[in-house]
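J.: What follows is a predicted protein model with its sequence.
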Amino acid sequence: MQADRMPRLPRVLAAAAVWAVLAAASPVTRLDVEVDNLRSAKGLIRICLTADPDNFPACVDDAKALTRTLPAAVRTTSFPGLPQRGYALAIIHDENSNSKLDTIAGIPREGYGFSNNAAVRFGPPRFSAARFMLAGDAEMQQVRMRYIF
């Protein structure tokens, strides 16, 4: 019985090697993000990129989410090497650099924005409204910040 299985081992190893090469060669792209309409250069811009609808917009429990923290004077960043798929962005303008979106009675006191400039009604937009597809060599998302106060 053992001798019969030995010829299969090289085929299994060859298949694993082919899969590894294909996985390494899967299409990737770069996402460029530009943040517009900031009211000041104070504080930080906090960006979260996720492909997980269940963790949008907070990205707190998403181990695969990518985040960036930039000085507010720097309004562009890139995410290179992303697999081609659907994503959504959530951005806050953390003007006092306290690592959170400050609110009064649940209403944001600092700037916020989402990919596709998704509309905000009574709470953040759904993932489906902010979702965009990465499909080419490079994609750009321009996110317009919104302020209530």
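T.: Great, that's in hand.
J.: what's the closest non-adjacent residue to the spatially most central residue of the chain?
T.: Nearest to the geometric centre of the chain sits L49, at 1.2 Å (Cα atoms, centre = their mean). Nearest non-adjacent residue to L49, counting by Cβ to Cβ, 6 or more residues apart in numbering: L66, 4.5 Å away. Every residue, glycine included, has its C-beta placed from N, CA and C.
J.: just the strands in the protein please.
T.: Using DSSP state E, the strands found in the chain span residues 28-36, 44-50, 66-71, 76-83, 86-94, 103-104, 107-108, 111-114, 132-133, 138-144.
J.: Pull the residues that contact the fourth one.
T.: The set of residues external to strand 76-83 that reach it, using Cβ atoms under 8 Å, 6 or more residues apart in numbering, is 26-35, 47, 49, 66, 68, 70, 134.
J.: Repeat that for the first one.
T.: Contacts made with strand 28-36 from outside it, assessed by Cβ under 8 Å, 6+ apart, are listed as 45, 47, 49, 68, 75-84, 87, 89, 91, 93, 113, 134-145.
J.: make it 10 Å
T.: 45, 47, 49, 66, 68, 70, 72, 74-85, 87, 89, 91, 93, 111, 113, 115, 117, 132, 134-145 (Cβ atoms under 10 Å, 6 or more residues apart in numbering).
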